[in-house]
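S.K.: Take this sequence and fold it.
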Amino acid sequence: MVPEDNHGALPPLVVFSPNRWEESWTSRHRIATGLAARGWPVMYNSGPLSTWERRSESWTKAPILGGIRRENGLLVDVPGRIEAYWPRSPIWTQIAVRRHARRLRRTVCRETSRQQPFTAFLFHPRYWPEAQALKPERIVYFAYDAISLAPGWTEEQAGLERALVARADLIVAYSRNMFDYMPQRAAQIGREIPTGVDIEHFVGALAEPCPKDLALIPRPRIGYTGNINQKLDLLGMYAVARAAPELNFVFVGPAGPGNGGNFPGHPVETQAWEDLLALPNVRHLGPKAFTDVPTYMANMDVNVMCYRLEGGWWQAGYPLKMHEYLAVGKPVVGTALPTIRPFGNVIDIVADIDQWLTALRRALEQGGIGTPEERRAVAQENSWDSRLDVLDGWMREVISP
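M.R.: Numbering: from 1, shown residues only. Alright, predicted model coming up:
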(Lines give C-alpha, C1' and ligand atoms only; values in the text may rest on other atoms or scores of the structure.)
Protein backbone atom coordinates (compact mmCIF):
# COMPACT_ATOMS: atom_id res chain seq x y z
CA MET A 1 0.00 0.00 0.00
CA VAL A 2 1.20 3.54 -0.76
CA PRO A 3 2.69 5.31 2.29
CA GLU A 4 0.79 8.25 3.72
CA ASP A 5 3.47 10.81 2.92
CA ASN A 6 2.53 10.46 -0.75
CA HIS A 7 -1.07 11.49 -0.13
CA GLY A 8 -0.72 15.18 -0.89
CA ALA A 9 0.49 14.61 -4.45
CA LEU A 10 -2.72 13.11 -5.80
CA PRO A 11 -5.55 15.07 -7.46
CA PRO A 12 -9.20 14.69 -6.37
CA LEU A 13 -10.90 11.61 -7.75
CA VAL A 14 -14.64 11.79 -8.45
CA VAL A 15 -16.13 8.29 -8.65
CA PHE A 16 -19.39 7.78 -10.56
CA SER A 17 -21.12 4.52 -9.61
CA PRO A 18 -24.66 3.22 -10.29
CA ASN A 19 -24.70 1.74 -6.75
CA ARG A 20 -25.63 4.29 -4.11
CA TRP A 21 -23.38 4.20 -1.08
CA GLU A 22 -26.12 3.01 1.28
CA GLU A 23 -27.09 0.07 -0.97
CA SER A 24 -25.68 -3.46 -0.72
CA TRP A 25 -21.88 -3.46 -0.63
CA THR A 26 -20.30 -4.08 -4.03
CA SER A 27 -16.85 -4.22 -5.55
CA ARG A 28 -17.43 -0.59 -6.59
CA HIS A 29 -17.58 0.40 -2.92
CA ARG A 30 -14.42 -1.64 -2.21
CA ILE A 31 -12.46 -0.02 -5.04
CA ALA A 32 -13.46 3.48 -3.92
CA THR A 33 -12.46 2.86 -0.30
CA GLY A 34 -9.26 1.14 -1.38
CA LEU A 35 -8.19 4.10 -3.52
CA ALA A 36 -9.02 6.48 -0.67
CA ALA A 37 -6.78 4.41 1.61
CA ARG A 38 -3.98 4.81 -0.94
CA GLY A 39 -4.10 8.58 -0.78
CA TRP A 40 -6.64 9.58 -3.42
CA PRO A 41 -9.07 12.27 -2.19
CA VAL A 42 -12.21 10.38 -3.28
CA MET A 43 -15.72 11.70 -3.81
CA TYR A 44 -18.19 8.83 -4.33
CA ASN A 45 -21.46 9.68 -6.05
CA SER A 46 -24.28 8.13 -8.08
CA GLY A 47 -25.46 11.25 -9.86
CA PRO A 48 -28.57 13.33 -9.16
CA LEU A 49 -31.89 11.84 -8.13
CA SER A 50 -34.58 11.16 -10.73
CA THR A 51 -38.22 12.17 -10.39
CA TRP A 52 -39.04 8.53 -11.15
CA GLU A 53 -37.71 7.79 -7.64
CA ARG A 54 -40.34 9.94 -5.92
CA ARG A 55 -41.98 6.94 -4.23
CA SER A 56 -38.72 5.31 -3.21
CA GLU A 57 -37.03 5.31 0.18
CA SER A 58 -33.98 7.10 -1.26
CA TRP A 59 -36.25 10.00 -2.30
CA THR A 60 -38.10 10.31 0.98
CA LYS A 61 -34.84 10.27 2.95
CA ALA A 62 -33.08 12.71 0.63
CA PRO A 63 -32.60 16.33 1.80
CA ILE A 64 -34.05 19.23 -0.14
CA LEU A 65 -30.59 20.54 -0.92
CA GLY A 66 -27.66 18.31 -1.79
CA GLY A 67 -25.05 17.62 0.83
CA ILE A 68 -21.99 15.57 1.72
CA ARG A 69 -20.87 13.15 4.39
CA ARG A 70 -17.69 11.28 5.24
CA GLU A 71 -17.62 7.48 5.16
CA ASN A 72 -14.69 5.05 5.26
CA GLY A 73 -12.13 7.75 4.60
CA LEU A 74 -13.86 9.29 1.60
CA LEU A 75 -16.57 11.80 0.74
CA VAL A 76 -20.04 10.55 -0.18
CA ASP A 77 -22.40 12.77 -2.15
CA VAL A 78 -25.94 13.12 -0.78
CA PRO A 79 -28.09 14.24 -3.74
CA GLY A 80 -30.90 16.69 -3.04
CA ARG A 81 -34.46 16.56 -4.31
CA ILE A 82 -34.25 20.09 -5.68
CA GLU A 83 -31.57 19.04 -8.19
CA ALA A 84 -33.40 15.94 -9.43
CA TYR A 85 -33.78 15.52 -13.17
CA TRP A 86 -36.89 14.68 -15.17
CA PRO A 87 -36.21 11.70 -17.49
CA ARG A 88 -38.86 12.90 -19.97
CA SER A 89 -37.34 16.38 -20.22
CA PRO A 90 -33.91 16.30 -21.91
CA ILE A 91 -33.40 20.04 -21.36
CA TRP A 92 -34.16 19.89 -17.64
CA THR A 93 -31.99 16.77 -17.35
CA GLN A 94 -29.04 18.64 -18.86
CA ILE A 95 -29.58 21.49 -16.41
CA ALA A 96 -29.79 19.10 -13.45
CA VAL A 97 -26.65 17.23 -14.50
CA ARG A 98 -24.63 20.44 -14.89
CA ARG A 99 -25.90 21.83 -11.59
CA HIS A 100 -24.97 18.60 -9.82
CA ALA A 101 -21.50 18.58 -11.42
CA ARG A 102 -20.87 22.17 -10.31
CA ARG A 103 -21.83 21.29 -6.75
CA LEU A 104 -19.53 18.26 -6.79
CA ARG A 105 -16.61 20.41 -7.96
CA ARG A 106 -17.22 23.08 -5.32
CA THR A 107 -17.62 20.50 -2.58
CA VAL A 108 -14.49 18.55 -3.45
CA CYS A 109 -12.40 21.72 -3.61
CA ARG A 110 -13.73 22.88 -0.26
CA GLU A 111 -13.54 19.55 1.57
CA THR A 112 -10.12 18.48 0.31
CA SER A 113 -8.51 21.92 0.07
CA ARG A 114 -7.20 20.82 -3.31
CA GLN A 115 -7.31 22.74 -6.55
CA GLN A 116 -5.53 20.20 -8.72
CA PRO A 117 -7.18 19.08 -11.96
CA PHE A 118 -9.86 16.47 -11.34
CA THR A 119 -9.78 12.82 -12.38
CA ALA A 120 -13.20 11.31 -13.15
CA PHE A 121 -13.59 7.58 -12.47
CA LEU A 122 -16.67 6.11 -14.19
CA PHE A 123 -18.16 2.68 -13.58
CA HIS A 124 -20.89 3.24 -16.19
CA PRO A 125 -21.05 5.31 -19.41
CA ARG A 126 -24.39 6.85 -18.42
CA TYR A 127 -22.35 9.28 -16.29
CA TRP A 128 -20.35 10.58 -19.24
CA PRO A 129 -22.40 13.82 -19.64
CA GLU A 130 -21.90 14.70 -15.97
CA ALA A 131 -18.23 13.77 -16.07
CA GLN A 132 -17.81 16.13 -19.01
CA ALA A 133 -19.56 18.91 -17.09
CA LEU A 134 -17.09 18.34 -14.25
CA LYS A 135 -14.28 19.17 -16.74
CA PRO A 136 -11.75 16.62 -15.49
CA GLU A 137 -8.20 16.47 -16.75
CA ARG A 138 -8.11 12.66 -16.74
CA ILE A 139 -10.77 9.99 -17.32
CA VAL A 140 -10.78 6.40 -16.00
CA TYR A 141 -13.44 3.94 -17.20
CA PHE A 142 -13.83 0.75 -15.16
CA ALA A 143 -16.24 -1.79 -16.71
CA TYR A 144 -17.65 -4.12 -14.05
CA ASP A 145 -19.91 -6.09 -16.41
CA ALA A 146 -20.59 -6.60 -20.09
CA ILE A 147 -23.21 -3.88 -19.71
CA SER A 148 -24.08 -3.75 -23.41
CA LEU A 149 -25.75 -7.15 -22.86
CA ALA A 150 -27.77 -5.96 -19.87
CA PRO A 151 -31.54 -5.32 -20.08
CA GLY A 152 -32.39 -1.75 -21.05
CA TRP A 153 -29.22 -1.06 -23.02
CA THR A 154 -30.03 1.55 -25.67
CA GLU A 155 -28.34 3.09 -28.68
CA GLU A 156 -28.07 6.29 -26.68
CA GLN A 157 -26.07 4.49 -23.99
CA ALA A 158 -23.96 2.84 -26.69
CA GLY A 159 -23.14 6.30 -28.02
CA LEU A 160 -22.14 7.48 -24.54
CA GLU A 161 -19.86 4.46 -24.17
CA ARG A 162 -18.24 5.11 -27.56
CA ALA A 163 -17.52 8.70 -26.54
CA LEU A 164 -16.22 7.63 -23.13
CA VAL A 165 -13.94 4.94 -24.55
CA ALA A 166 -12.60 7.38 -27.15
CA ARG A 167 -11.69 9.91 -24.44
CA ALA A 168 -10.60 7.64 -21.55
CA ASP A 169 -6.98 7.77 -20.40
CA LEU A 170 -7.29 4.39 -18.68
CA ILE A 171 -9.79 1.58 -19.35
CA VAL A 172 -10.08 -1.32 -16.91
CA ALA A 173 -12.34 -4.39 -16.75
CA TYR A 174 -12.72 -7.39 -14.48
CA SER A 175 -12.01 -9.79 -17.35
CA ARG A 176 -10.59 -9.73 -20.88
CA ASN A 177 -13.89 -11.12 -22.12
CA MET A 178 -15.63 -7.83 -21.25
CA PHE A 179 -13.61 -5.99 -23.86
CA ASP A 180 -15.27 -8.14 -26.55
CA TYR A 181 -18.53 -6.28 -25.85
CA MET A 182 -17.05 -2.77 -25.84
CA PRO A 183 -15.87 -0.38 -28.58
CA GLN A 184 -12.68 -1.52 -30.30
CA ARG A 185 -10.32 0.91 -28.56
CA ALA A 186 -11.17 -0.69 -25.21
CA ALA A 187 -9.72 -4.01 -26.34
CA GLN A 188 -6.64 -2.26 -27.70
CA ILE A 189 -5.66 -0.33 -24.58
CA GLY A 190 -7.76 -1.93 -21.82
CA ARG A 191 -6.23 -3.61 -18.79
CA GLU A 192 -7.67 -6.43 -16.71
CA ILE A 193 -8.10 -6.54 -12.92
CA PRO A 194 -10.30 -9.33 -11.55
CA THR A 195 -12.24 -8.87 -8.32
CA GLY A 196 -10.46 -9.72 -5.06
CA VAL A 197 -11.14 -10.68 -1.47
CA ASP A 198 -10.32 -9.28 1.98
CA ILE A 199 -9.24 -12.70 3.12
CA GLU A 200 -8.83 -11.96 6.85
CA HIS A 201 -12.45 -10.84 6.98
CA PHE A 202 -13.62 -14.21 5.62
CA VAL A 203 -11.17 -16.52 7.36
CA GLY A 204 -12.08 -14.84 10.66
CA ALA A 205 -15.73 -15.76 10.10
CA LEU A 206 -14.91 -19.42 10.69
CA ALA A 207 -14.63 -18.67 14.41
CA GLU A 208 -17.96 -16.80 14.57
CA PRO A 209 -21.19 -18.48 15.72
CA CYS A 210 -23.74 -19.42 13.10
CA PRO A 211 -26.30 -16.65 12.43
CA LYS A 212 -29.58 -17.38 14.20
CA ASP A 213 -31.75 -17.53 11.09
CA LEU A 214 -29.30 -19.86 9.35
CA ALA A 215 -28.95 -22.07 12.44
CA LEU A 216 -32.67 -22.88 12.18
CA ILE A 217 -32.04 -24.61 8.83
CA PRO A 218 -30.80 -28.22 9.19
CA ARG A 219 -27.62 -29.44 7.56
CA PRO A 220 -26.49 -30.15 4.94
CA ARG A 221 -26.80 -26.53 3.74
CA ILE A 222 -26.10 -25.60 0.12
CA GLY A 223 -25.63 -21.83 0.02
CA TYR A 224 -25.76 -19.10 -2.58
CA THR A 225 -24.83 -15.61 -1.37
CA GLY A 226 -25.27 -12.58 -3.62
CA ASN A 227 -27.73 -10.73 -5.81
CA ILE A 228 -30.59 -12.90 -7.02
CA ASN A 229 -31.50 -11.84 -10.56
CA GLN A 230 -31.63 -13.02 -14.17
CA LYS A 231 -28.05 -14.28 -14.12
CA LEU A 232 -28.98 -17.24 -11.91
CA ASP A 233 -30.13 -20.56 -13.34
CA LEU A 234 -33.30 -20.65 -11.25
CA LEU A 235 -34.92 -23.33 -13.40
CA GLY A 236 -31.85 -25.50 -13.04
CA MET A 237 -31.66 -24.99 -9.28
CA TYR A 238 -35.34 -25.91 -9.03
CA ALA A 239 -34.57 -29.21 -10.75
CA VAL A 240 -31.54 -29.84 -8.51
CA ALA A 241 -33.38 -29.00 -5.28
CA ARG A 242 -36.36 -31.14 -6.27
CA ALA A 243 -34.09 -34.08 -7.12
CA ALA A 244 -32.22 -33.79 -3.79
CA PRO A 245 -34.86 -33.25 -1.07
CA GLU A 246 -32.35 -34.31 1.59
CA LEU A 247 -30.31 -31.15 0.92
CA ASN A 248 -31.32 -27.70 2.15
CA PHE A 249 -30.72 -24.87 -0.32
CA VAL A 250 -30.23 -21.43 1.22
CA PHE A 251 -30.25 -18.16 -0.74
CA VAL A 252 -28.80 -15.09 0.97
CA GLY A 253 -29.14 -11.73 -0.78
CA PRO A 254 -31.58 -9.31 -2.39
CA ALA A 255 -34.00 -10.88 -4.86
CA GLY A 256 -35.20 -8.82 -7.81
CA PRO A 257 -35.47 -5.01 -8.01
CA GLY A 258 -36.54 -3.63 -4.66
CA ASN A 259 -35.84 -7.06 -3.10
CA GLY A 260 -39.41 -8.10 -3.82
CA GLY A 261 -38.46 -11.17 -5.80
CA ASN A 262 -40.01 -10.01 -9.07
CA PHE A 263 -37.96 -9.63 -12.23
CA PRO A 264 -39.76 -6.98 -14.35
CA GLY A 265 -39.99 -8.01 -17.98
CA HIS A 266 -38.87 -11.53 -17.12
CA PRO A 267 -41.96 -13.56 -16.18
CA VAL A 268 -40.15 -16.89 -16.62
CA GLU A 269 -37.52 -15.95 -14.02
CA THR A 270 -40.17 -14.56 -11.68
CA GLN A 271 -42.18 -17.78 -11.86
CA ALA A 272 -39.03 -19.91 -11.50
CA TRP A 273 -38.09 -18.05 -8.31
CA GLU A 274 -41.58 -18.50 -6.87
CA ASP A 275 -41.53 -22.20 -7.74
CA LEU A 276 -38.10 -22.61 -6.19
CA LEU A 277 -39.18 -20.98 -2.93
CA ALA A 278 -42.25 -23.22 -2.80
CA LEU A 279 -40.04 -26.30 -2.35
CA PRO A 280 -39.81 -27.41 1.31
CA ASN A 281 -35.99 -27.61 1.18
CA VAL A 282 -35.38 -24.08 -0.15
CA ARG A 283 -35.07 -20.95 2.01
CA HIS A 284 -34.44 -17.30 1.23
CA LEU A 285 -32.94 -15.32 4.12
CA GLY A 286 -32.94 -11.97 2.35
CA PRO A 287 -30.17 -9.37 2.08
CA LYS A 288 -27.51 -9.09 4.78
CA ALA A 289 -24.99 -6.44 5.75
CA PHE A 290 -21.67 -7.02 3.99
CA THR A 291 -20.00 -7.40 7.41
CA ASP A 292 -22.25 -10.39 8.11
CA VAL A 293 -21.90 -12.12 4.74
CA PRO A 294 -18.68 -14.04 5.60
CA THR A 295 -20.39 -15.70 8.58
CA TYR A 296 -23.17 -17.01 6.36
CA MET A 297 -20.68 -18.39 3.84
CA ALA A 298 -18.62 -20.01 6.60
CA ASN A 299 -21.66 -21.84 7.97
CA MET A 300 -22.72 -23.48 4.72
CA ASP A 301 -21.63 -27.02 3.89
CA VAL A 302 -21.21 -26.15 0.21
CA ASN A 303 -21.13 -22.72 -1.44
CA VAL A 304 -22.39 -22.49 -5.02
CA MET A 305 -22.29 -20.20 -8.05
CA CYS A 306 -25.37 -21.20 -10.01
CA TYR A 307 -25.03 -18.94 -13.06
CA ARG A 308 -26.82 -19.50 -16.34
CA LEU A 309 -24.63 -20.62 -19.21
CA GLU A 310 -26.64 -19.02 -22.02
CA GLY A 311 -26.02 -15.42 -23.12
CA GLY A 312 -26.30 -12.41 -20.85
CA TRP A 313 -24.22 -9.70 -19.19
CA TRP A 314 -22.89 -12.26 -16.68
CA GLN A 315 -21.10 -14.25 -19.40
CA ALA A 316 -18.01 -12.04 -19.17
CA GLY A 317 -18.31 -11.37 -15.45
CA TYR A 318 -15.80 -12.22 -12.76
CA PRO A 319 -17.81 -13.29 -9.69
CA LEU A 320 -16.95 -11.27 -6.59
CA LYS A 321 -18.09 -14.18 -4.43
CA MET A 322 -15.68 -16.69 -6.01
CA HIS A 323 -12.61 -15.80 -3.94
CA GLU A 324 -14.80 -15.03 -0.92
CA TYR A 325 -16.12 -18.59 -1.07
CA LEU A 326 -12.58 -19.93 -1.43
CA ALA A 327 -11.39 -17.86 1.54
CA VAL A 328 -13.76 -19.62 3.97
CA GLY A 329 -12.44 -22.97 2.72
CA LYS A 330 -15.74 -24.80 2.27
CA PRO A 331 -16.30 -26.86 -0.93
CA VAL A 332 -17.35 -24.74 -3.92
CA VAL A 333 -19.43 -25.78 -6.93
CA GLY A 334 -19.94 -23.46 -9.89
CA THR A 335 -21.12 -23.42 -13.46
CA ALA A 336 -18.65 -23.32 -16.33
CA LEU A 337 -18.39 -19.57 -16.95
CA PRO A 338 -15.14 -18.52 -18.71
CA THR A 339 -13.82 -16.78 -15.59
CA ILE A 340 -14.60 -19.73 -13.31
CA ARG A 341 -13.09 -22.47 -15.48
CA PRO A 342 -9.42 -21.60 -14.70
CA PHE A 343 -10.06 -22.50 -11.05
CA GLY A 344 -11.01 -26.13 -11.67
CA ASN A 345 -8.33 -27.23 -9.19
CA VAL A 346 -10.36 -25.80 -6.27
CA ILE A 347 -13.90 -25.50 -7.68
CA ASP A 348 -16.09 -28.36 -8.92
CA ILE A 349 -17.27 -27.02 -12.28
CA VAL A 350 -20.60 -28.24 -13.67
CA ALA A 351 -22.71 -27.74 -16.78
CA ASP A 352 -25.96 -29.72 -16.27
CA ILE A 353 -28.30 -31.09 -13.62
CA ASP A 354 -26.64 -34.51 -13.33
CA GLN A 355 -23.25 -32.88 -12.85
CA TRP A 356 -24.74 -30.62 -10.17
CA LEU A 357 -26.04 -33.60 -8.21
CA THR A 358 -22.76 -35.49 -8.56
CA ALA A 359 -20.70 -32.46 -7.50
CA LEU A 360 -22.85 -31.76 -4.45
CA ARG A 361 -22.58 -35.37 -3.29
CA ARG A 362 -18.82 -35.28 -3.89
CA ALA A 363 -18.55 -32.11 -1.83
CA LEU A 364 -20.53 -33.54 1.09
CA GLU A 365 -19.03 -37.03 1.09
CA GLN A 366 -15.44 -36.41 -0.06
CA GLY A 367 -14.79 -32.73 0.66
CA GLY A 368 -15.13 -31.52 -2.92
CA ILE A 369 -12.39 -30.40 -5.28
CA GLY A 370 -9.21 -29.29 -3.51
CA THR A 371 -8.63 -28.99 0.21
CA PRO A 372 -9.62 -26.10 2.50
CA GLU A 373 -5.96 -25.06 2.63
CA GLU A 374 -5.66 -25.08 -1.15
CA ARG A 375 -8.81 -22.99 -1.52
CA ARG A 376 -7.63 -20.41 0.99
CA ALA A 377 -4.22 -20.28 -0.72
CA VAL A 378 -5.88 -19.38 -4.03
CA ALA A 379 -7.92 -16.69 -2.27
CA GLN A 380 -4.76 -15.30 -0.72
CA GLU A 381 -3.23 -14.94 -4.18
CA ASN A 382 -6.26 -12.87 -5.22
CA SER A 383 -6.51 -10.33 -2.41
CA TRP A 384 -8.04 -6.88 -2.82
CA ASP A 385 -4.83 -5.33 -1.53
CA SER A 386 -2.82 -6.75 -4.42
CA ARG A 387 -5.51 -5.80 -6.95
CA LEU A 388 -5.73 -2.22 -5.69
CA ASP A 389 -1.98 -1.79 -5.56
CA VAL A 390 -1.90 -2.56 -9.28
CA LEU A 391 -4.80 -0.22 -10.06
CA ASP A 392 -3.25 2.54 -7.96
CA GLY A 393 -0.01 2.20 -9.93
CA TRP A 394 -1.80 2.42 -13.27
CA MET A 395 -3.67 5.54 -12.18
CA ARG A 396 -0.49 7.21 -10.99
CA GLU A 397 0.97 6.58 -14.43
CA VAL A 398 -2.05 8.24 -15.99
CA ILE A 399 -1.73 11.45 -13.97
CA SER A 400 2.02 11.71 -14.45
CA PRO A 401 3.14 14.66 -16.62
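S.K.: neighbours around the nearest residue to F16 once chain neighbours are set aside, how many?
M.R.: Nearest in space to F16, with sequence neighbours left out and distances taken as Cβ to Cβ, 6 or more residues apart in numbering, is Y127 at 3.7 Å. Where you see a C-beta, it was placed from the backbone N, CA and C, and this is true even at glycine. Using other Cβ atoms under 10 Å, Y127 has 26 other residues around it.
S.K.: now G344
M.R.: Residues near G344, counting by other Cβ under 10 Å, number 13.
S.K.: who touches the spatially closest residue to it that is not a sequence neighbour in this structure?
M.R.: Closest residue in space to G344, ignoring its immediate chain neighbours: I369 at 7.2 Å, by Cβ to Cβ, 6+ apart. By Cβ atoms under 8 Å, 6 or more residues apart in numbering, I369 lies in contact with 331-332, 344-348, 362.
S.K.: Just the pLDDT for the residue nearest to F16.
M.R.: With respect to pLDDT, Y127 scores 95.
S.K.: V15 is in contact with that one, correct?
M.R.: No: Y127 is beyond contact range of V15, at 9.6 Å (criterion: Cβ atoms under 8 Å).
S.K.: where does the residue nearest to G344 fall, phi/psi-wise?
M.R.: phi -90, psi 130 (degrees, to the nearest 10).
S.K.: In a helix, the residue nearest to F16, correct?
M.R.: Yes: assessed with DSSP: H, G, I helix; E, B strand; the rest coil, Y127 lies in a helix.
S.K.: average pLDDT across stretch 231-249?
M.R.: Averaging pLDDT along stretch 231-249 yields 97.
S.K.: from the contacts of I369, which two are the most distant?
M.R.: Spatial extent of the contacts of I369 (Cβ to Cβ) is set by the pair N345 and R362 at 14.4 Å.
S.K.: Neighbour count for those two, which is higher?
M.R.: R362 (16 against 10).
S.K.: Got the confidence number for the more buried one?
M.R.: We have a pLDDT of 98 for R362.
S.K.: again with G256
M.R.: G256 is assigned 70 on the pLDDT scale.
S.K.: May I see the buried residues of the longest helix along the chain?
M.R.: Identified as the longest helix of the chain according to DSSP state H is helix 90-112. Within helix 90-112, the residues scored as buried using 16 or more other Cβ atoms under 10 Å are 93, 96-101, 103-105, 107-108, 112.
S.K.: Over to stretch 342-359?
M.R.: Using 16+ other Cβ under 10 Å as the burial criterion, the residues of stretch 342-359 that qualify are 343, 346-350, 353, 355-357, 359.
S.K.: Taking these, tell me the two that lie furthest apart.
M.R.: Greatest spacing in the buried residues of stretch 342-359, by Cβ to Cβ: V346 and I353 (22.7 Å).
S.K.: Below-threshold pLDDT in the stretch 1-150 of the chain: ranges please.
M.R.: The stretch 1-150 of the chain contains residues with pLDDT under 70 at 1-8, 114-116.
S.K.: quick one: the strands in it?
M.R.: 13-16, 42-45, 67-71, 74-78, 119-122, 138-143 (DSSP state E, counting those that start in this stretch).
S.K.: Flag every buried residue along the third one.
M.R.: Read it as strand 67-71. In strand 67-71, counting by 16+ other Cβ under 10 Å, buried: I68.
S.K.: and the nearest residue to Y318 once chain neighbours are set aside, how far is that from G344?
M.R.: Spatially, and ignoring its direct neighbours in sequence, Y318 is nearest to Y174 (3.9 Å; Cβ to Cβ, 6+ apart). According to Cβ to Cβ, to the nearest Å, Y174 and G344 sit 19 Å apart.
S.K.: before we move on, what about K330?
M.R.: For K330, the distance to G344 - Cβ to Cβ - is 17 Å.
S.K.: Also L122?
M.R.: As defined by Cβ to Cβ, L122 lies at a distance of 34 Å from G344.
S.K.: separation between P254 and H124?
M.R.: Plainly put, P254 is 19 Å away from H124 if you go by Cβ to Cβ.
S.K.: make that R105, sorry
M.R.: Where H124 is concerned, R105 sits at a distance of 20 Å (Cβ to Cβ).
S.K.: Repeat that for L326.
M.R.: Distance of L326 to H124, computed by Cβ to Cβ: 28 Å.
S.K.: out of the two, which sits in the busier spot?
M.R.: Per other Cβ under 10 Å, whichever of L326 and H124 has more neighbours is L326, with 28 against 23.
S.K.: Mind checking what helix or strand follows the helix or strand containing that one in sequence?
M.R.: In this assignment (DSSP states H and E), L326 forms part of helix 320-328. The helix or strand immediately downstream of helix 320-328 is strand 332-335, counting by DSSP H and E.
S.K.: on contacts alone, who are the packing partners of that next one?
M.R.: strand 302-305, helix 320-328, strand 348-350, helix 353-366 (3 or more Cβ pairs under 8 Å, 6 or more residues apart in numbering; DSSP states H and E).
S.K.: elements contacting the second one?
M.R.: Helix 320-328 sits against helix 199-203, helix 293-298, strand 302-305, strand 332-335, helix 372-380, with contacts defined as 3+ Cβ pairs under 8 Å, 6+ apart.
S.K.: residues of the first one that come out buried?
M.R.: So that's helix 199-203. Neighbour-count burial for helix 199-203, counted by 16+ other Cβ under 10 Å, picks out 199, 202-203.
S.K.: give the contact list for the residue lying closest to F251 once chain neighbours are set aside.
M.R.: Leaving aside its sequence neighbours, F251 sits nearest to H284 (Cβ to Cβ, 6+ apart; 4.6 Å). Contact analysis of H284 by Cβ under 8 Å, 6+ apart lists 228, 250-252, 255, 261, 277.
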